[in-house]
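Novice: Need a 3D model of the following:
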Amino acid sequence: MDQTKKTIKGFSPWVIIGALAVLISIFAFMTYQMIYLQKKNTTRLLFEKGAALIRSFEAGIRTGMMTRRWNGQQLQRLLSETAQQNDIDYILVADKNGIILAHNDPVQIGKRHHQYAKADENDAISETKWRVVSNNGKQEFEVFRSFLSDTYLMTHHQNSYQMMINQWLVSHTYFSENITPSSLEIYIGLDMRAVEEAIRADTRYMLLMAIVLLIIGFAGIIFLFLSQRYRATQTSLSRIKAFSDNLVEHMPIGIIAIDHKGDIILCNNVAERLLHISSYHLIDHPATEHLPIEVLTQIDDIQESKSIIEKELLCDIGFSQRLPIELIATALFDDQNNFHGYVLLLKDLTEVQALRKKIERSQRLVSIGRLAAGVAHEIRNPLSSIKGFATYFKERYQHNENDFEISTIMIQEVERLNRVVSQLLELSRPISISKTTTNIQDFMIGSIKVIEQMAKEQQILIQTQYEGVQMDVFIDRDRLSQALLNLYLNALEAMDGQGKLFISLSPYQDSGIEIRISDNGPGIDKKDLGHIFDPYYTTKPNGTGLGLAIVHNIIEAHNGSIKIDSTKEEGTTFTIRLPLKIEDKKNEH
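Specialist: All right, here's what the predicted structure looks like:
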């Protein structure tokens, strides 16, 4: 209904005016033509009737003249009887001057006909003619012509005709020797009232039919325009609906629509995955049964405030999962301010929060790096002096076992502190890498040989697995070897004798390689996993917390990624993913 109203509302009035003007013109012309043809046919019928009466009247006279007893009284009787038909007003015969010689009303004999036809006395009316005359305020259709003027009558019955006319005129005291059969005229007046009434009735009927057809035609044209507009609107709506449905289904944000009764009427795939409920259980079901209570609480006041809310919520999804969600919600109102429901946009912020943490970590690393660079610079000079004095005392008191041991420990601690400072400097500066084309499988075999003897001494078994990765990669061999060695040593240290180190190499998504380093050591607590790559964060008693941070930086400098999976008392796995694409073979800094 609303769509129909919009269609009619958008209908141009000029279309209506134009259609009406065209239809009125067409039906006016058609009605005029029909009325004109009707009048023409009516005139023709009256004319033919009058002519037929004249011919029948003359035929009666001819028949009578063939007998010896035909005279003027019989002519008058025939004329009177013929005129007794209801639609015949009069039948008269007049001479060339219009004097009535015979009339169905004998009183009119001798009078002059009120509408004499001839303009010239010598002019004979040879053809049958008609005209409409007015007689005492009444319209009459008059048909007239010369009376008994055919050649046969003039040649065979002229004497009988002349004698009949003379007898007739003598009886009416209008005898004239100048009257001849060819100078007489016959007039028949037909009553037009019935015909006019019929014409008026037919005209009214035709006008009524014209109006009805005009209305039907106008309605038909408007209906066609409305149908065409409706089809165009439906086509447009179908396209818009297809577009909106496709847009809703493929948006990376969960969309939920709730009607004014509180039932869910629309949800897309993202919303289903977010809520862990299929649309079958959501559509046409109350929102209070399926939406998190945190979301329902936020939209309670939207209808009153008529505002848009944007909030980040921590919602209980399912039985135990708490999910960070961004909620954008608004109420729907039409032009008449009638409430129709709500539209909710839900976005999973898990990845966003992970990115935020990563950014925060990067910012912390930048701050730490700046601090480390300053601290390392200030520490290195005193360390050189301390190491020099420790070396001096070691050489001077080499015969004193206690002093020699103390000096040796001092030198070792200074060297350890110097390594920490060097790692600090390395962490604070951008990683400088120099990439070369390298066969990744040969590279991995070489990196493992470095720790083979150490693993054998600790009774740790090294297992390797390579899945068809005889391919070249573009890496910095020294930097990547440093990162892998750090991971190998961490794994050996975690197992502390008698364990298994598993190293695998495999393709990754046709555009990279994946290196997995797994041990069956004690594993790492879940609370520590999120900070494992943070500088100075370590679970080892003697660790510096810088080794994994440097590994992370080296892998990122190769445009790769590293992640850790660990289960307590089961072991730890580091997964490194590196791209195969060779973008530039020049040194990168």
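Novice: dump the residue contacts of residue 466.
Specialist: For residue 466, the residues meeting the contact criterion (C-beta atoms under 8 Å, 6 or more residues apart in numbering) are 441, 444, 504, 505, 506. The C-beta positions use only the backbone N, C-alpha and C, and glycine is treated the same way.
Novice: Show me which of those residues is closest to residue 102.
Specialist: Closest approach to residue 102 among the contacts of residue 466 (C-beta to C-beta): residue 506, at 134.1 Å.
Novice: any chance you could map the helices in the stretch 201-350 of the chain?
Specialist: Secondary structure of the stretch 201-350 of the chain, counting by DSSP state H, counting those that start in this stretch: helices at 269-275, 279-282, 293-299, 302-305, 350-396.
Novice: What helices and strands are in contact with the first one?
Specialist: In terms of contacts (3 or more C-beta pairs under 8 Å, 6 or more residues apart in numbering; DSSP states H and E), helix 269-275 is packed against strand 254-259, helix 279-282, strand 339-348.
Novice: And the second one, what's buried?
Specialist: Same thing as helix 279-282. Neighbour-count burial for helix 279-282, with 16 or more other C-beta atoms under 10 Å as criterion, is recorded at residue 282.
Novice: got the helices of the stretch 201-350 of the chain as CSV, with mean pLDDT and distance to residue 17 columns?
Specialist: Below are these laid out as CSV (pLDDT from 0 to 100; distance: least, C-beta to C-beta, whole Å):
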stretch, mean pLDDT, distance to residue 17
helix 269-275, 82, 51
helix 279-282, 76, 50
helix 293-299, 81, 50
helix 302-305, 69, 45
helix 350-396, 76, 60
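Novice: and of the ones you listed, who's closest to residue 91?
Specialist: Taking C-beta to C-beta as the criterion, helix 302-305 is the member of the helices of the stretch 201-350 of the chain that comes nearest to residue 91, at 95.5 Å.
Novice: roughly how far apart are residue 230 and residue 222?
Specialist: Relative to residue 222, residue 230 is positioned 12 Å away (criterion: C-beta to C-beta, to the nearest Å).
Novice: next one: residue 456
Specialist: If you measure residue 456 against residue 222 using C-beta to C-beta, the figure is 97 Å.
Novice: so where's the stretch 401-550 of the chain shaky on pLDDT?
Specialist: 423-430, 468, 536-537, 539-545 (pLDDT under 70).
Novice: Same check on the stretch 151-300 of the chain?
Specialist: Segments of the stretch 151-300 of the chain classed as low confidence (criterion: pLDDT under 70) are 151-183, 247-248.
Novice: so where do the strands sit in it?
Specialist: Assigned by DSSP state E, counting those that start in this stretch, the stretch 151-300 of the chain shows strands spanning 185-191, 254-259, 264-267.
Novice: can you list the domain ranges for this protein.
Specialist: Recorded structural domains for the chain (assignment: automatic domain parsing) are 2-30+198-245, 42-192, 252-348, 354-428, 436-579.
Novice: Any chance of these in a markdown table with distance to residue 36 as columns?
Specialist: Shown next, in a markdown table, are the domains of the chain (distance: least, C-beta to C-beta, whole Å):
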| stretch | distance to residue 36 |
| --- | --- |
| domain 2-30+198-245 | 10 |
| domain 42-192 | 11 |
| domain 252-348 | 54 |
| domain 354-428 | 89 |
| domain 436-579 | 88 |
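Novice: Helices along the stretch 1-150 of the chain, start to end?
Specialist: Listed from the start of the chain, the stretch 1-150 of the chain has helices (DSSP H, counting those that start in this stretch) covering 2-9, 13-65, 72-82.
Novice: Name the stretch among those helices that sits most buried.
Specialist: Sort these by mean neighbour count, taking mean count of other C-beta atoms under 10 Å, and helix 72-82 sits at the top with a mean of 17.
Novice: what angle do it and strand 185-191 make?
Specialist: Inter-element angle recorded for helix 72-82 and strand 185-191: 20 degrees (by axes from the mean of the first three to the mean of the last three C-alpha atoms, to 10 degrees).
Novice: Which strands or helices does helix 72-82 pack on?
Specialist: Contact analysis of helix 72-82 by 3+ C-beta pairs under 8 Å, 6+ apart lists helix 13-65, strand 88-94, strand 100-103, helix 158-171 as its packing neighbours.
Novice: Pull it out as CSV, backbone CA atoms only.
Specialist: Extracted as CSV, the C-alpha positions of helix 72-82 are listed here (Å, rounded to 0.1, in the frame of the first residue of the first chain):
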residue,chain,number,x,y,z
GLY,A,72,-61.2,14.0,-59.4
GLN,A,73,-63.2,12.7,-56.4
GLN,A,74,-61.3,9.5,-56.6
LEU,A,75,-58.0,11.4,-56.7
GLN,A,76,-59.0,13.4,-53.6
ARG,A,77,-60.1,10.1,-51.8
LEU,A,78,-56.7,8.4,-52.6
LEU,A,79,-54.9,11.5,-51.4
SER,A,80,-56.9,11.6,-48.1
GLU,A,81,-56.5,7.9,-47.4
THR,A,82,-52.7,8.0,-48.1
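Novice: Tell me how far it lies from the chain's centre.
Specialist: Its chain's average C-alpha position is 90 Å from that of helix 72-82, according to C-alpha atoms, centre = their mean, to the nearest Å.
Novice: and if you look at stretch 551-571?
Specialist: Here the centre of stretch 551-571 is set off from its chain's centre by 49 Å, with C-alpha atoms, centre = their mean.
Novice: mind listing what's buried in it?
Specialist: Neighbour counts over stretch 551-571 (16+ other C-beta under 10 Å) mark 551, 552, 553, 554, 555, 557, 558, 560, 562, 564, 566, 571 as buried.
Novice: so what's the fourth one up against?
Specialist: With contact set as C-beta under 8 Å, 6+ apart, residue 554 has these partners: 431, 433, 476, 479, 480, 482, 483.
Novice: Could you point out which of the helices of the stretch 1-150 of the chain sits nearest residue 281?
Specialist: Within those, the stretch nearest residue 281 is helix 2-9; the backing value is 30.5 Å (C-beta to C-beta).
Novice: Most tightly packed of the helices and strands packed on helix 269-275?
Specialist: Most buried among the helices and strands packed on helix 269-275, counting by mean count of other C-beta under 10 Å: strand 254-259, with a mean of 21.
Novice: Identify the farthest-apart pair in the buried residues of stretch 551-571.
Specialist: The span of the buried residues of stretch 551-571, defined through C-beta to C-beta, is set by 557 and 571 at 27.8 Å.
Novice: measure the residue nearest the centre of the chain to residue 231 for me?
Specialist: Most central residue of the chain, judged by C-alpha distance to the mean C-alpha position with C-alpha atoms, centre = their mean, is residue 240 at 1.9 Å. For residue 240, the distance to residue 231 equals 15 Å [C-beta to C-beta].
Novice: what does residue 14 give?
Specialist: Separation of residue 14 from residue 231 (C-beta to C-beta) stands at 21 Å.
Novice: just residue 98 next, same as before
Specialist: Look at residue 98 and residue 231: by C-beta to C-beta, they are 74 Å apart.
Novice: likewise residue 336?
Specialist: From residue 336 over to residue 231 the distance is 28 Å, taken as C-beta to C-beta.
Novice: Could you check which of those two has the larger neighbour count?
Specialist: residue 231 (10 against 5; other C-beta atoms under 10 Å).
Novice: follow-up on the earlier one: would you reformat the helices and strands packed on helix 72-82 as TSV and include distance to residue 272?
Specialist: Below are the helices and strands packed on helix 72-82 laid out as TSV (distance: least, C-beta to C-beta, whole Å):
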stretch	distance to residue 272
helix 13-65	47
strand 88-94	96
strand 100-103	107
helix 158-171	115
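Novice: Mind telling me which of the ones you listed the model trusts least?
Specialist: Comparing the helices and strands packed on helix 72-82 by mean pLDDT, the weakest confidence falls on helix 158-171, with a mean of 56.
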